[in-house]
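S.K.: Pasting the sequence and the predicted coordinates here, then a few questions.
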Amino acid sequence: MAIAGLFAGIGGFELGFAGAGHTTLLTCEVWPPARAVLHTRLAAGAGHADIRDLQRLPDGTTGLCAGFPCQDLSQAGRTAGIGAARSGLVEHVFRLLDTAAAPAWLVLENVPFMLHLDRGRALHRLAAAMEARGLRWAWRVVDTLAFLPQRRERVFLVAARDFDPADVLLVDDVEPPARETRIDREAHGFYWTEGTRGLGWAADAVPTLKTGSGIGIPSPPAILLPDGGVIQPDIRDAERLQGFPAGWTEPAEAVGRSTHRWALVGNAVSVPVAAWLGARLKTPGQYDSARDRPLAADGRWPRAARWDGTARHAVQIGSFPTWAERPPLHRFLLYPGRPLSARATQGFLRRADASRLHFVDGFKDRLRAHLARMRALAAASAPA
């Protein structure tokens, strides 16, 4: 299959689909640091900057991929909704679908908060747009944790004219292995910027990698190691936690701040999820309609759904299409992380102590021990 990658970012869809044998004819991405990565890393076809100016797709394009902007749909963002300036750009995807040489299928990716924001208005709008064009559709929340030690849920939506997207997206389903973890045996990720209402705790994994602030301040998680050390992962390991080779985003430094690499990684589509989806597009399975359930009477969207050309259905399926074996997180990491600073540790502990959150036994004790070590190191290096 020959694809066009819209809102291509750093090429998560394109790299994953290439692994499944698909060819990229065009990428479209407006942010210069991301375009620098695409130009250097992907042997793709034509590059285009602004989707609003893209009038047609290359001849032979059979599919569209689009991780369209999530800023207006995410819980951490503006939550302005699908009609706002950034996330509303998805309308240009449908404009391009309506061209004379319209692609036969479409894959969209975005944050799961869109299921709930504004009573699911975003998905109502997307579903109506696809149905009006005679496209069958299916969507599903998929967790990157199925492939890599990062807990990252995203909605993937497939629409098509000539095949049933349920045969692609809603066939593979496994139960992840039940594992007990201990803080003295496995690494545990959390967000040190939180601690009042939550902390993004992830056992033997990191919580969802974020984009950071709009002015380029990165927001990497912290990792409590089994030996009691507390680090922030190196950007190269963050790239690997999204399925990219280490150093993938280095070309961005030629046109922007080095800290923008964190935003690029946080915005990206996870490569192994795209590879799984690309493989299923190449070799569909057979959807079992016994998974169909009635949609909720109150109009709430489920975590998986489909339209068979006649009716909409909720679908009973999990967020793990597979479970890939991987080393424990502390062995997965290849690069020395930066120790969490005394200031950051102290701020987190202050919020945690004032909150009503429940923490794993020994967690805050280990944070206090780390704080003492960081203070001692600072004292030892201070001028006499």
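M.R.: Received, thanks. Residues are numbered from 1 along each chain as shown.

S.K.: Show me what the helix or strand of the chain with the lowest mean pLDDT is packed up against.
M.R.: The weakest-scoring helix or strand in the chain, judged by mean pLDDT, DSSP states H and E, is strand 46-48 (a mean of 83). Under the contact criterion of 3 or more Cβ pairs under 8 Å, 6 or more residues apart in numbering; DSSP states H and E, strand 46-48 touches strand 23-28, helix 32-41. Placement of C-beta: from N, CA and C, glycine included.

S.K.: could you give me the average pLDDT of the longest helix along the chain?
M.R.: Determined from DSSP state H, the single longest helix within the chain is helix 363-381. Summarised as a single mean, pLDDT over helix 363-381 is 95.

S.K.: to the chain's geometric centre, what's the distance from it?
M.R.: When distances are taken as Cα atoms, centre = their mean, to the nearest Å, helix 363-381 is centred 33 Å away from the chain's centroid.

S.K.: Report the backbone C-alpha coordinates of that helix in CSV.
M.R.: Extracted C-alpha coordinates of helix 363-381, given in CSV (Å, rounded to 0.1, in the frame of the first residue of the first chain):
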residue,chain,number,x,y,z
PHE,A,363,7.8,5.0,48.2
LYS,A,364,8.0,8.3,50.0
ASP,A,365,10.8,7.0,52.3
ARG,A,366,12.9,6.3,49.2
LEU,A,367,12.1,9.8,47.9
ARG,A,368,13.3,11.3,51.2
ALA,A,369,16.5,9.2,51.1
HIS,A,370,17.1,10.4,47.5
LEU,A,371,16.5,14.0,48.7
ALA,A,372,19.1,13.6,51.5
ARG,A,373,21.6,12.2,49.0
MET,A,374,21.1,15.1,46.6
ARG,A,375,21.5,17.6,49.4
ALA,A,376,24.7,15.9,50.6
LEU,A,377,26.1,16.0,47.0
ALA,A,378,25.3,19.7,46.7
ALA,A,379,26.9,20.4,50.0
ALA,A,380,30.0,18.5,49.1
SER,A,381,30.5,20.4,45.8
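
S.K.: List the contacts of that helix.
M.R.: 183, 188, 224, 228-230, 339-342, 345-346, 348-349, 352-353 (Cβ atoms under 8 Å, 6 or more residues apart in numbering).

S.K.: same thing but at 10 Å, please
M.R.: 183-184, 188, 190, 192, 195, 199, 201, 222, 224-225, 227-231, 339-346, 348-349, 352-353, 359-360, 362 (Cβ atoms under 10 Å, 6 or more residues apart in numbering).

S.K.: centroid residue for this structure?
M.R.: residue 269 (5.0 Å; Cα atoms, centre = their mean).

S.K.: Spatially nearest residue to it (excluding sequence neighbours)?
M.R.: Leaving aside its sequence neighbours, residue 269 sits nearest to residue 12 (Cβ to Cβ, 6 or more residues apart in numbering; 3.2 Å).

S.K.: The one you found is in contact with residue 5, isn't it?
M.R.: Yes. Assessed by Cβ atoms under 10 Å, residue 12 is found in contact with residue 5 at 9.2 Å.

S.K.: so what pLDDT did the closest residue to residue 191 other than its chain neighbours get?
M.R.: Excluding its sequence neighbours, the residue lying closest to residue 191 (Cβ to Cβ, 6+ apart) is residue 200, at 4.1 Å. Note for residue 200: predicted pLDDT of 93.

S.K.: Residue 43 too?
M.R.: 75.

S.K.: Now do it against residue 160, distance only.
M.R.: Going from residue 43 to residue 160 by Cβ to Cβ, to the nearest Å gives 27 Å.

S.K.: And those two? Which one has more around it.
M.R.: Taking other Cβ atoms under 10 Å, residue 43 and residue 160 do not tie; residue 160 has more neighbours (23 against 8).

S.K.: Contacts only, for the closest residue to the more buried one other than its chain neighbours.
M.R.: Using Cβ to Cβ, 6+ apart and skipping the chain neighbours, the partner closest in space to residue 160 is residue 105 (4.1 Å). Residues near residue 105 by Cβ under 10 Å, 6+ apart: 1, 3, 62-65, 97, 135-136, 158-163, 165, 168, 281.

S.K.: same thing with residue 186?
M.R.: By Cβ under 10 Å, 6+ apart, the neighbours of residue 186 are 149, 179-180, 203-205, 224-226, 328-331.

S.K.: which of those residues has the weakest pLDDT?
M.R.: Checking pLDDT across the contacts of residue 186, the minimum falls on residue 179 at 83.

S.K.: Before I go, just wanted to say thanks for your time.
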